[in-house]
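Chemist: next come a sequence and a model predicted from it.
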2 protein chains.
Amino acid sequence: MALIVQKYGGTSVGSTDRIKNVAKRVAKARAEGHDVVVVVSAMSGETNRLVALAHEMQEFPDPRELDVILATGEQVTIGLLAMALKNIGVEARSYTGWQVAVKTDSAHTKARIDHIDDENIRADLKQGKVVIVAGFQGVTADGDISTLGRGGSDTSAVALAAALKADECQIYTDVDGVYTTDPRVVPEARRMSTISFEEMLELASLGSKVLQIRSVEFAGKYKVRLRVLSSLQDGGEGTLITFEEDENMEKAAVQGIAFDKNQARINVRGVPDKPGIAYQILGTVADANIEVDMIIQNVGDEGTTDFSFTVPRGDYKPTLELINGLKESLGATEIDGDDGVCKVSIVGLGMRSHAGVAAKMFRTLAEEGINIQMISTSEIKVSVLLDEKYMELATRVLHKAFELDKA
Amino acid sequence: MALIVQKYGGTSVGSTDRIKNVAKRVAKARAEGHDVVVVVSAMSGETNRLVALAHEMQEFPDPRELDVILATGEQVTIGLLAMALKNIGVEARSYTGWQVAVKTDSAHTKARIDHIDDENIRADLKQGKVVIVAGFQGVTADGDISTLGRGGSDTSAVALAAALKADECQIYTDVDGVYTTDPRVVPEARRMSTISFEEMLELASLGSKVLQIRSVEFAGKYKVRLRVLSSLQDGGEGTLITFEEDENMEKAAVQGIAFDKNQARINVRGVPDKPGIAYQILGTVADANIEVDMIIQNVGDEGTTDFSFTVPRGDYKPTLELINGLKESLGATEIDGDDGVCKVSIVGLGMRSHAGVAAKMFRTLAEEGINIQMISTSEIKVSVLLDEKYMELATRVLHKAFELDKA
């Protein structure tokens, strides 16, 4: 008998039939003797519907009032799931964020959890009830409704698991675990039975959509045992995110491959090579709240330098305009860019102890005639920027080269 | 400068455009220097949508969880209206029932208001903000979400007006006031500029749909000045519901005519005329939670009596079955009924001092050849039960006979 937090996303509760299926799954865990806390999202499509209504009232909806509206999505789901459980004879009780209470700061639409009061939940669990909590939402110190931002339900689940010292936090999604890469691109992609917290963090931040990065960070901070499972299939063990280094010792150098098309490259060419240039460029971009990802600086001809960096594709044009405004003060000869690029990354804890992983990546791509535009590395990942037309090909050949299709 | 509570129903906030219109109307009252508290319902259709979802989960939805779901309807409206006001430069702040807090008993789906904390609202009004409150909802002593039942937003508005000692509570609807009768039946029907609280109470309980009877009772108890206005037209003065007897002294005997097709008649014939018969019949009906309206008992032949009563039309068949089950123990010779009947009522404070009002009603109907099946009276109303085919005709001839078309 364990205490389990289960989280079901918008697709898993996207219809009344699906909510009934979730109820069956929860009932099964109860029947096995576990205490169960369920965190749910809004029914799929509902949050978008509410956002659209808000935008009909104000071009930039007031954040406090937007949270009042958005929080209703999860509130409907908790009530429906409680009814579905009662309908099959399982005692259950729903909680909104303020009823728990999940206390957050007052950064509306992107609030952070400060503290969770768990007395009510513990009392209900002791009485044998299933506790259902609205994900994505909380309450500020002033008693205002707050929301945690997109994907916030994952964070709610992990935070509740941490507060309750749950034995496991199970994230149910429409995939049955974390794969070596996206199976839609590489049919040989393999589900991993375990993955380390650090690798999951890299994969999440590199565009793998299985888990929100904030929830993975939260799990890391509070050492929450996290498992990704399918809400559509029965009986799978999913992927366990582990914190024990030992379990990963014997593993291959590379665990997974992530890719991301949301990339654009900006080039600032022929800048006089003197101190402060990088700061002048990147400081201006940062002041505009645009996130810079990869950065490289090459020595050019005659004491000049070429400076390149990447930004999210949606920020390509504003960034280009910003930098063009600096052209004279920078003394740059040319400013150009490319919004048809992508990033492909290999990730693995084993890189720490395996030499030559990056070299093997570059050679594999070279053999396919794929040109690498930029490179960035961390202790457990190597990312390359490529022409986007090579994204699927690069992922496939790297998947094969690092033998990720073999268990 | 006054403190005004305005209430807008589901039709008045039925679309984002209509919510923008409500914002303009509120802004106008602010511009005139008034403090404004706005109570809103769910957008029309939303409550029905949520009820339907709940019924997909459970045949008889759990009342606590149903309230969790239903309360989201008004929560969306308050956020949208706050945005609409901010968008035209009016400072506003929304409150759910628990944020106010509107404290209720724990009779989920039909809770009664115990107490309203008005500190938060007063503080916001002092700062010049428009306060927007979700109607229809509150919070129990245990911190559960409660709702007040259909039409509960009227009650929320009146209760807030009472708590805040507001100068006026304005109920905006899709009609521009209270009419002498339904203008769709009698084109000559006239809007009344004032009506007494007692008359409004009779009209509301007799099937006139303008105001919920509970809100009128509440207004009477706390002497809240109540006005019914159109949310679709500008500049009307609507109908004021008054508590001052003097204002009504000079008025005609009859103020308005109500009619109701939701009626069915049950006859129990040839019952031995002995004590306890009425109790045996009506006690059985009451135990089945069926509401009895009109009752008559006639002496029949040879020591027997005929007993008749009316019930809501939807309860006709179950009531008939119930009474048939009693036939033997009652010793009745025949049990029959009619679910094709209607009730037409004349209402007016002036009846207290004007003799012959009932006689005039009966004569008017007789002259048209309309047979009266049952009669019931109170101090300020006379109701008759008729074949439903006469409903419109009876209403029209009575409207004319009592000169209700004349100011």
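Modeler: Sure, I can see it.
Chemist: now do the SS call for A:Cys285.
Modeler: Careful, residue A:285 is Val; it's not Cys. Assigned with DSSP: H, G, I helix; E, B strand; the rest coil, A:Val285 falls in the helix class.
Chemist: count the neighbours of it for me.
Modeler: Burial of A:Val285, expressed as a neighbour count using other C-beta atoms under 10 Å in any protein chain shown, amounts to 20. Bear in mind the C-beta positions are built from the backbone N, C-alpha and C, glycine included.
Chemist: and for A:Asn21?
Modeler: As a measure of burial, A:Asn21 has 17 neighbours, counting by other C-beta under 10 Å.
Chemist: and the residue lying closest to it once chain neighbours are set aside, how far from A:Val22?
Modeler: Counting by C-beta to C-beta, 6 or more residues apart in numbering or on different chains, A:Asn21 lies nearest to A:Ser231, which is 7.5 Å off, once chain neighbours are set aside. When distances are taken as C-beta to C-beta, to the nearest Å, A:Ser231 and A:Val22 turn out to be 7 Å apart.
Chemist: touching, A:Val397 and A:Thr364? I think so.
Modeler: Yes - between A:Val397 and A:Thr364 there is a contact at 5.5 Å, judged by C-beta atoms under 8 Å.
Chemist: can you pull the phi/psi pair for the residue nearest to A:Asn21?
Modeler: When quoted as degrees, to the nearest 10, the phi and psi of A:Ser231 stand at phi -90, psi 0.
Chemist: is it true that A:Val76 lies in a helix?
Modeler: Yes - A:Val76: assigned to a helix according to three-state DSSP.
Chemist: kindly report the residues of the stretch 1-150 of chain A close to chain B.
Modeler: Neighbours of chain B within the stretch 1-150 of chain A, by C-beta under 8 Å from any C-beta of the partner chain: A:16, A:19-20, A:50, A:53-54, A:56-58, A:61-62, A:64-66, A:68-69, A:71-72, A:75-76, A:78-80, A:82-84, A:86-87, A:93-94, A:96, A:98-99, A:143-145.
Chemist: from those, keep the buried residues only.
Modeler: Buried residues within those, counting neighbours by 16 or more other C-beta atoms under 10 Å in any protein chain shown: A:16, A:19-20, A:50, A:53-54, A:56-58, A:61-62, A:64-66, A:68-69, A:71-72, A:75-76, A:78-80, A:82-84, A:86-87, A:93-94, A:96, A:98-99, A:144-145.
Chemist: now intersect those with the strands, please.
Modeler: A:Arg93, A:Ser94, A:Ile145 (DSSP state E).
Chemist: could you single out the nearest of those to B:Gly276?
Modeler: Ranked by distance to B:Gly276 (C-beta to C-beta), these are led by A:Arg93 at 47.1 Å.
Chemist: hang on, the earlier thing: return every residue with contacts to both of A:Ser231 and A:Val22.
Modeler: Shared contacts of A:Ser231 and A:Val22, defined by C-beta atoms under 8 Å, 6 or more residues apart in numbering or on different chains, comprise A:Tyr8, A:Ser12, A:Tyr172.
Chemist: which of those are buried? Put it as a PyMOL command.
Modeler: Of the shared contacts of A:Ser231 and A:Val22, the buried ones go into a single PyMOL selection, burial set by 16+ other C-beta under 10 Å:
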select buried, chain A and resi 8+12+172
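Chemist: columns secondary structure on top of the shared contacts of A:Ser231 and A:Val22, output as CSV?
Modeler: Written out in CSV, the entries for these read as follows (three-state DSSP):
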residue, secondary structure
A:Tyr8, strand
A:Ser12, coil
A:Tyr172, strand
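Chemist: quick one: contacts for the closest residue to chain B within the stretch 201-350 of chain A?
Modeler: Of all residues in the stretch 201-350 of chain A, the one sitting closest to chain B is A:Ser231 (17.5 Å; C-beta to the nearest C-beta). If you count contacts by C-beta under 8 Å, 6+ apart, A:Ser231 has them with A:Tyr8, A:Gly9, A:Thr11, A:Ser12, A:Arg18, A:Asn21, A:Val22, A:Arg25, A:Tyr172, A:Thr173, A:Asp174.
Chemist: one more time with 6 Å
Modeler: Each residue near A:Ser231 by C-beta atoms under 6 Å, 6 or more residues apart in numbering or on different chains is listed here: A:Tyr8, A:Ser12, A:Tyr172.
Chemist: pLDDT at the last one, what is it?
Modeler: The pLDDT attached to A:Tyr172 in the predicted structure is 93.
Chemist: list the buried residues in the strand of greatest length in chain A.
Modeler: Among the elements of type strand in chain A, defined by DSSP E, the one spanning the most residues is strand A:256-272. Taking 16+ other C-beta under 10 Å as the neighbour-count basis, strand A:256-272 is seen to contain the buried residues A:256-260, A:263-271.
Chemist: near A:Ala123, how many other residues are there?
Modeler: 12.
Chemist: what about the strands in the stretch 201-350 of chain A?
Modeler: Along the stretch 201-350 of chain A, counting by DSSP state E, counting those that start in this stretch, strands occupy A:226-230, A:239-242, A:256-272, A:295-299, A:304-311, A:334-347.
Chemist: can I get the ones you listed in TSV with mean pLDDT?
Modeler: Compiled in TSV, the strands of the stretch 201-350 of chain A are given as follows (pLDDT from 0 to 100):
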stretch	mean pLDDT
strand A:226-230	91
strand A:239-242	90
strand A:256-272	92
strand A:295-299	81
strand A:304-311	90
strand A:334-347	94
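Chemist: which among the ones you listed is found nearest to B:Val133?
Modeler: Smallest distance to B:Val133 across these (C-beta to C-beta): 40.9 Å, for strand A:226-230.
Chemist: parallel or antiparallel, which strands does that closest one pair with?
Modeler: Paired strands of strand A:226-230, with direction, are strand A:168-173 (parallel), strand A:239-242 (antiparallel) (DSSP bridges).
Chemist: and those strands, which is most packed in?
Modeler: Scoring these by mean neighbour count under mean count of other C-beta atoms under 10 Å in any protein chain shown gives strand A:168-173 as the most buried, with a mean of 24.
Chemist: elements contacting whichever helix or strand comes after that one?
Modeler: Sequence order places strand A:194-196 as the next helix or strand after strand A:168-173, per DSSP states H and E. Using 3 or more C-beta pairs under 6 Å, 6 or more residues apart in numbering or on different chains; DSSP states H and E as the contact criterion, the neighbours of strand A:194-196 among helices and strands are strand A:239-242.
Chemist: C-alpha coordinates for the strand it packs on, CSV please?
Modeler: What follows is strand A:239-242, C-alpha atoms only, in CSV (Å, rounded to 0.1, in the frame of the first residue of the first chain):
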residue,chain,number,x,y,z
THR,A,239,9.1,5.4,-18.0
LEU,A,240,10.4,6.0,-14.5
ILE,A,241,12.5,9.1,-14.0
THR,A,242,15.2,8.1,-11.5
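Chemist: distance from it to the middle of the chain?
Modeler: Taking C-alpha atoms, centre = their mean, to the nearest Å, one finds strand A:239-242 lying 15 Å from the centre of the chain it belongs to.
Chemist: please apply the same query to stretch A:118-125.
Modeler: Here the centre of stretch A:118-125 is set off from its chain's centre by 29 Å, with C-alpha atoms, centre = their mean.
Chemist: in that stretch, what's buried?
Modeler: In stretch A:118-125, the ones that count as buried by 16+ other C-beta under 10 Å are A:Asp118, A:Asn120, A:Ile121, A:Arg122, A:Asp124, A:Leu125.
Chemist: would you list these in CSV and tack on pLDDT, distance to A:Ile335 and secondary structure?
Modeler: What follows is those, written out as CSV (pLDDT from 0 to 100; distance: C-beta to C-beta, whole Å; DSSP: H, G, I helix; E, B strand; the rest coil):
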residue, pLDDT, distance to A:Ile335, secondary structure
A:Asp118, 94, 54, coil
A:Asn120, 94, 58, helix
A:Ile121, 96, 56, helix
A:Arg122, 96, 59, helix
A:Asp124, 97, 60, helix
A:Leu125, 97, 60, helix
